Structure formats: structure tokens, C-alpha cells
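Undergrad: for reference, the sequence and a predicted model appear below.
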Amino acid sequence: AKLPALHAGKIKREDVSLGQRPKSAAPSLPSAGKGGLRFEKNAQGYVVETGPLALVKDQPGGRTFARISCRFAADRPPVELGEYVAVLHTSDGPRNDWPHADGVTGVRVVERKPERLTLEIQSAHEGAAPWKALYRLEFEPGRTWFRAKCLWVENTGARAWRLGEYFHYLPSRIGGNAADDEVATAAPDYWLQVGAWRDPALGVLFGAIPPQDDRRAACQFWKDPFGQHPDCRHRIDRELKPQERWTADPDEPWVLIFGLQETPGTPRPWMGLIDAW
């Protein structure tokens, strides 16, 4: 709201808070649907269900979840959203890489209660800058979203390299097809930190939103001729020597990863998640 006055030089940049918004602008959270939490390991991998959300690891490789889907109404089939992958930004001298995890090496149940399921999932990458990383995920019954953060990253190689960022990487496949998925925009709420893919035919969104008052995490989803770039990341910028580990601070910010559906009354449904931490 203060943008014209800021451009006109009538107020100083320091007088504008990036998080300002009227509390009444945010609709209520997505209602908790039927169904409780379920976690199951099987021969192919594992499955998490919250009621609306189903998150499946049923393929080899490094994807934490190869398929995420969401049922938005009891009388309609679930809608496929996409996948979730642990990704790092590493650099070794002039070389920059964004290696995806190529294996999930461990899954541990930290907490299993009717109101919350907490998992720790370890992923690993073998390559020029090999690593392993531990992510923590929290799920609640009836929600169309879950929380995620990284707890640590370790250099498992014989050479030092620099950890630039870690990512919650969310390639989309909304409705089973990524071709028509577009970048969703937060406008007119331009100050919001949110990244999402949107299927215009279905009005379905798949993305992530970090805490609005914590600038350690940032989201920017974009596309180029090479494909999707779902960049939800936390900047670290630290050199890791062989076998050295970066460990997150106790207040490491959670990121909310969501599937949401637009309605005539809620064209930007992620607004209801801003205060969900």
C-alpha cells in the first residue's frame, strides 16, 4: 500500500515493513478433513497419509516422495501434485552444482501420535561433492500441507567443498501433467514469500511458504526453456571439510509445503497458511 509514496520519495525505505498486512486479509486455514495419520513402510519404500494428502516413496532413487497427491473433496478423486526432493547447492572452486539426492538412506519415526507424525529422512548423493543430509518432516491429520526443515548436511567425500544452500525442491505434475503448470504469483500481495505451481484448468496449487518474518528461507519458483526451477531454499554459505557437518540452529525455520485449491472466495488460498507455524 505504501509503494507509490515510497517511489515518490515521500517516505523512507526503512519505514516500510515487508511483513505489513491487515490480519483480516488472511482467510481461515484449510479445514481438517476426515481421516487420520498413517505411516507405513513396505517393500517399495514408505507411505504417509494425512487424510487429504498421500505421499508415496515407491521407486528407487533420491526422491523423498516420488508422488504427492491431495483429495480436496470427499466426492472427487485425488489430484496428483508432484514430488519432493532434497537438493543442495555446492561449489568447488569455480564449479557450481545443484546435486539432487540419488538415494534415501534412512527413515526414522521420531514421534507418532494421533495429532502429529514426525519423521527424519536421510538422503545422500555420490558425485564430485558427495554428501548426506537429514531432513525432518511433520504431518498433522486432515491437513493439505506439512512442515519440513533440514537438520544437518555432511561432506562425505575426501575434498572440501562449499555448501551454498539446501533446498526443498518441488517439481510439479499437477493432475498428472506438468506441461500446463505455470508459476503462481502472490500479486497483489507482492510482499509475501511464497512459491507455487498452478494448474489453471484445475485451480490447484502445489508449493511452499516460509515464515514471513524469517529471511533465512526464501521461495522463488520460475521456468526457463530447460524446465521448472522450484527454488525453496535456505542460504548457508559455509565451507565443509571432509567428514565435516553443518548443523542447523535450534530455531531453524520450518517451511510449509502445500497442496491447495482455489475457490471464488479464496483466489490466493496460501494466505491462510501465513500464521500456521
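TA: On my side now, so go ahead.
Undergrad: residue 258 touches residue 273, doesn't it?
TA: Yes: between residue 258 and residue 273 there is a contact at 6.2 Å, judged by C-beta atoms under 8 Å. C-betas here are computed from N, CA, C, even on glycine.
Undergrad: more crowded one of the two?
TA: Ranked by neighbour count (other C-beta atoms under 10 Å), residue 258 and residue 273 place residue 258 first, with 26 against 20.
Undergrad: now the more buried one, nearest residue through space, not along the chain?
TA: Nearest non-adjacent residue to residue 258, counting by C-beta to C-beta, 6 or more residues apart in numbering: residue 145, 3.8 Å away.
Undergrad: now do the SS call for the nearest residue to residue 254 once chain neighbours are set aside.
TA: Take residue 254 and drop its neighbours on the chain: the residue closest to it by C-beta to C-beta, 6+ apart is residue 147, 4.3 Å away. Under DSSP: H, G, I helix; E, B strand; the rest coil, residue 147 falls in the strand class.
Undergrad: list the contacts for residue 147?
TA: 137, 138, 139, 254, 255, 256, 257, 277 (C-beta atoms under 8 Å, 6 or more residues apart in numbering).
Undergrad: quick check: phi and psi on residue 271?
TA: When read as degrees, to the nearest 10, the backbone of residue 271 gives phi -60, psi -30.
Undergrad: hmm, it is touching residue 188, no?
TA: No: with contacts defined as C-beta under 8 Å, residue 271 does not count as touching residue 188, sitting 11.5 Å away.
Undergrad: which of those two has more neighbours?
TA: residue 271 (21 against 9).
Undergrad: any idea how far the more buried one lies from residue 262?
TA: Computed as C-beta to C-beta, to the nearest Å, the residue 271 to residue 262 distance reads 11 Å.
Undergrad: burial measure for residue 103, as a count.
TA: 15.
Undergrad: and for the one 3 residues further on?
TA: Applying other C-beta under 10 Å, we find 12 other residues in the vicinity of residue 106.
Undergrad: checking it next. Helix, strand or coil?
TA: Secondary structure, three-state DSSP: residue 106 is strand.
Undergrad: for it, which residues are in contact?
TA: 120, 121, 122.
Undergrad: now do the same for it: its pLDDT.
TA: pLDDT for residue 106: 97.
Undergrad: quickly list what it is bridged to.
TA: Using DSSP bridges, the beta-bridge partners of residue 106 come out as residue 122.
Undergrad: picking up where we left off before, of the contacts of residue 106, which count as buried by neighbour count?
TA: With burial judged by 16 or more other C-beta atoms under 10 Å, the buried subset of those is 121, 122.
Undergrad: can you list the contacts of residue 106 in JSON lines and add distance to residue 68 and pLDDT?
TA: Output for those, formatted as JSON lines (distance: C-beta to C-beta, whole Å; pLDDT from 0 to 100):
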{"residue": "120", "distance to residue 68": "19", "pLDDT": "98"}
{"residue": "121", "distance to residue 68": "14", "pLDDT": "98"}
{"residue": "122", "distance to residue 68": "19", "pLDDT": "98"}
